[in-house]
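A.B. asks: show me how the following folds:
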Amino acid sequence: MNKSIGQQIKELRLQSNLTLKDVSQATHLSIGFLSQLERGLTDVATDSLSAIARVLGVEASYFFSATRQQHPHILRSYEKAVFQVD
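C.D. replies: This is a model prediction of the structure:
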């Protein structure tokens, strides 16, 4: 199942027993912003994502690997499913 970046952040935060306040204080991002991010209501800049990743003990690239593999944004003609209609 494909998880959004926000869902992944929340999952890691809970596994680390961190509150939104803890992450907010460590990253200097507001609790409201972090909450919206976890719920998929806002986007995140790369510098903010790097700060969040550092607090959660992962590389920023952690949030992209699964997403890129499951749902490519570019679909080449040879990658399309072909259906034969008789």
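A.B. asks: make it CA atoms for all contacts and neighbour counts henceforth
C.D. replies: Noted.
A.B. asks: what's the neighbour count on Gly57?
C.D. replies: Gly57: 12 surrounding residues under other C-alpha atoms under 10 Å.
A.B. asks: kindly apply the preceding question to Phe63 instead.
C.D. replies: With other C-alpha under 10 Å as criterion, Phe63 counts 19.
A.B. asks: wait, what's in contact with it?
C.D. replies: For Phe63, the contact set (C-alpha atoms under 8 Å, 6 or more residues apart in numbering) comprises Ile5, Gln8.
A.B. asks: now name the helix or strand holding it.
C.D. replies: helix 62-70 (DSSP states H and E).
A.B. asks: rounded mean pLDDT for that helix, please.
C.D. replies: Helix 62-70 comes out with an average pLDDT of 63.
A.B. asks: one more: stretch 26-34?
C.D. replies: For stretch 26-34, the mean pLDDT works out to 97.
A.B. asks: how about it, which residues are buried there?
C.D. replies: Under the neighbour-count criterion of 16 or more other C-alpha atoms under 10 Å, stretch 26-34 has Thr27, Leu29, Ile31, Phe33, Leu34 buried.
A.B. asks: what's next to it, contact-wise?
C.D. replies: Residues from elsewhere that reach stretch 26-34 (C-alpha under 8 Å, 6+ apart): Leu20, Lys21, Val23, Ser24, Thr42, Ser48, Ala51, Ile52, Val55.
A.B. asks: where's the residue nearest to the first one when sequence neighbours are not counted relative to Asp43, distance?
C.D. replies: By that I understand Leu20. In space, Leu20 comes closest to Ile31 once its chain neighbours are excluded; the distance is 5.8 Å by C-alpha to C-alpha, 6 or more residues apart in numbering. Distance, Ile31 to Asp43, by C-alpha to C-alpha, to the nearest Å: 15 Å.
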